[in-house]
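> Provide a 3D model corresponding to the input given below.
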Amino acid sequence: MASNGKITLTVGQAIVRFLEVQKVERDGKVSTFFGGALGIFGHGNVAGIGQALLEEVDRFRIIQGKNEQGMAHIAVGYARQMNRLGAMAVTTSIGPGAANMVTAAGTATVNRLPVLLLPSDYFSTRRTGSVLQQIENEQSNDISANDSFKAVSRYWDRIDRPEQLTAALMRAMETLTNPATTGAVTLCLPQDVQAEAYDFDEDLFRERVWRVPRTRADVDALREAAAAIRASKRPLIIAGGGVVYSEATEELEAFAEATGIPVGTTQAGKGSIAYEHPLNSGPMGALGLSFANKLAHTADLIIGVGTRYTDFTSASNTMFQNPDVKFVNINVQSFDAHKESAVPVVADARETLRELRAELDGWTVSDGYLAEAKEMAVEQREAVDELIKPIPGEHELGQKEVIGIVNSFARPQDVAVNAAGSMPSDLQKLWKVGSPLGYSVEYGYSCMGYEIPAALGMRIADPDREIFTFIGDASFIMYHQDVLTAVQEHEKIILLVVDNGGYGSIHSLSVKVGSQGFETKYYHRGADGRQDPSRPLKVDFKKILEGYGVTTYSATTADELRDAMTKAMAADEITAIYVETDPVVRDDTSGAFWEVATPQVAHIESSIKAHEEYERIRATQREYL
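Numbers count the residues shown, from 1 in each chain. Prediction:
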């Protein structure tokens, strides 16, 4: 229908056709941007976006979701494994279906990962009056549950008229493909507008190639950064996720080798420098090891590359103890580049490291500092080998031992996935990552429930990688529906369910801050209303997984785990391994602080003592700038 360069489509049909033809280019490589869509079709989108996807099912992949949060986390995992050069769209019904995505939108935005969210909304005409599944607001008829997405989206819009769609789609693509702005993009779609026809310009549906920019540094900022480095005696690089996103690993290693500056890595930056590199001082921060942290304590210059200085990285701003410490920050986002009163270099990590190396030609750290840094790197690798070493004799498997055994099966390209609990600490310390995209512990939002759907999205993005998904029993109970999606889509992941009997990480934290592990373990409740530690609640995780149709092994010894891993690696479908571990014991290998507020007034001795220790350490904090 239509003519003179116009085509008549519904808004839903126009969106799907537009998504099909978007491409992205970086460094001369062009690829399709959208890998498909995920949807649960209900009230609001079943005859709008749902009908449009039905028409295009042979040209545009559709994955049936099991929970809206999970769908969006699949999309987050996909974007992560595509290194932000690919994304997926997520469509939901109105009201609760839409609101279920808010948590995952936060995950996407915090981790700077592109996801397109298409929640359905109220009737734009308002002719129906009060709508099923929609919150009404007495202050305004223009507010719905979808306004909740504003806090967790990089771009948000509501399409009340078909005429508004073209501009919104173009703005959405600019946001999704811009390294400085990418994150969750939310386009709210009133259900009547989704199904409304309009004569769109045919030009909207031509193939477009969006260039992902490599922003170059301001010359004066680059020279100021070089001057700060030349003036330093004990510089340290903190490599964050921006190094990975920029594909700057080779340049980071070349920069470190040319200058002798050691490198500490964040959770997101793990894999940004080769594990065996002689200047890789290892993981740093509250969850890291003490070796990079010791260098950070005495550093007179911190060079932050693609990091946003979360409290885990900065040890709640107690990490940098040299009173004269200064900062140089390289980041595509100005907001992050200006943190810690740094010399801000707002630019792409790869290009800036290359240009900064040229500015510093001939300059290196002292021989003594270089030798100290290299010794630290050797010591941290020796410490890792000691921590993962199998414990002889009869015993339950320890979590560190489990990680070491699984890691021994990983090829360089394979991926470790996790998000919450005690495992992020052990994985950051102990996992020997083989490639820049071989480690995905989501600790920006630390979102329980991320583990399984994100792993599925990663496998969809790159089926040549084995995806090892570590998930604690508490996270599994919180979210495991997408085990069924993996079965349905014939996508393989290796699921490691590690059972420590409750919220193990928070149990340790609770004890540390004087709250005695209150309500952190799974116990039956007694007649007095208190949990009874003599009566643990036991869940048959193996039976749950087998109920989904998943081949599941139990491992109680190192040999049983190795045997199960051998079988899982050989399988061509999702496979699970259940391991019951020793209770979590926090080691003190980081030598770093993480601030969790304790009560100034308490009537429990454990809380009083914890607050005294809290105040002692808190006195070492730098002023946050």
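> tell me what the helix or strand bottoming out on mean pLDDT in the chain is packed against?
Sorting the helices and strands of the chain by mean pLDDT, DSSP states H and E puts helix 504-512 at the bottom, at a mean of 73. Helices and strands touching helix 504-512, by 3 or more CB pairs under 8 Å, 6 or more residues apart in numbering; DSSP states H and E: there are none. Every C-beta, even on glycine, is put in place using the N, C-alpha and C of the backbone.
> Could you tell me how far that helix lies from the centre of the chain?
In terms of CA atoms, centre = their mean, to the nearest Å, the centre of helix 504-512 is found 23 Å from the chain centre.
> OK, contacts around T10?
Contacts for T10 were tallied using CB atoms under 8 Å, 6 or more residues apart in numbering; they are 48, 51-52, 194-198.
> hey, what's it bridged with?
Listed by DSSP bridges, the beta-bridge partners for T10 are A197.
> where's it relative to M170, distance?
Separation of T10 from M170 (CB to CB, to the nearest Å) stands at 19 Å.
> Equivalent analysis for A268, please.
29 Å.
> out of the two, which sits in the busier spot?
Legend: neighbour count by other CB atoms under 10 Å for A268 and M170, higher for A268 (28 against 14).
> Who wins on neighbours among the contacts of T10?
Q194 leads the contacts of T10 on contacts (other CB under 10 Å) with 29 neighbours.
> For K432, grab the count of nearby residues.
So K432, with other CB under 10 Å, has 19 neighbours.
> in what helix or strand does it lie?
Using DSSP states H and E, K432 falls within no helix or strand.
> Y275 is in contact with that one, correct?
Yes - K432 is in contact with Y275 according to CB atoms under 8 Å; the separation is 4.9 Å.
> Identify the residues contacting the closest residue in space to Y198 that isn't next to it in sequence.
Excluding the flanking residues, the one nearest Y198 by CB to CB, 6 or more residues apart in numbering is P162, at 3.5 Å. Neighbouring residues of P162 by CB under 8 Å, 6+ apart: 11, 14, 193, 196-198, 200.
> want to throw those residues into TSV with distance to E25 and pLDDT?
Shown next, in TSV, are the contacts of P162 (distance: CB to CB, whole Å; pLDDT from 0 to 100):
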residue	distance to E25	pLDDT
V11	28	97
A14	24	98
V193	32	95
E196	33	96
A197	33	96
Y198	30	97
F200	25	97
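> Among the residues you listed, list the two that are farthest apart in space.
Every pair in the contacts of P162 was compared (CB to CB); the two farthest apart turn out to be V193 and F200, at 13.5 Å.
> any idea how far the residue nearest to R211 when sequence neighbours are not counted lies from L353?
Among residues not flanking R211 along the chain, E25 sits closest, at 5.1 Å (CB to CB, 6+ apart). Counting by CB to CB, the separation of E25 from L353 is 22 Å.
> more neighbours, the two?
When E25 and L353 are compared for neighbours, L353 comes out ahead with 27 against 15, by other CB under 10 Å.
> Give the phi and psi angles for the more buried one, as a check.
Reported as degrees, to the nearest 10, the phi and psi values for L353 are phi -60, psi -40.
> right, and it touches E253 too?
No - counting by CB under 8 Å, L353 does not reach E253; the two are 9.6 Å apart.
> remind me which residues of the chain are low pLDDT?
1-2, 393-395, 583-589, 623-625 (pLDDT under 70).
> centroid residue for it?
Nearest to the geometric centre of the chain sits E442, at 3.2 Å (CA atoms, centre = their mean).
> next one: phi and psi at that residue?
phi -80, psi 90.
> Give me the neighbour count for Y445.
Neighbour count of Y445, defined by other CB under 10 Å: 19.
> Just the element for it, please.
Per DSSP H and E, there is no helix or strand for Y445.
> residues contacting it?
Y445 sits in contact with 106-107, 110-111, 419, where contact means CB under 8 Å, 6+ apart.
> Of those, which is the nearest to L279?
Of the contacts of Y445, the one sitting nearest to L279 (CB to CB) turns out to be N111, at 26.5 Å.
> Touching, the closest one and E442? I think so.
Yes - with contacts counted by CB under 8 Å, N111 reaches E442, the gap being 6.5 Å.
> shared neighbours of the two, anything?
V76.
> so can I have a markdown table of the contacts of Y445 showing neighbour count?
Below are the contacts of Y445 laid out as a markdown table (neighbours: other CB atoms under 10 Å):
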| residue | neighbour count |
| --- | --- |
| G106 | 20 |
| T107 | 28 |
| V110 | 19 |
| N111 | 25 |
| A419 | 27 |
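> out of the residues you listed, who's nearest G529?
For these, the nearest to G529 is A419 (32.1 Å; CB to CB).
> ok, that closest one to K567 distance?
In terms of CB to CB, A419 sits 26 Å off from K567.
> V384 now?
Counting by CB to CB, the gap between V384 and K567 amounts to 27 Å.
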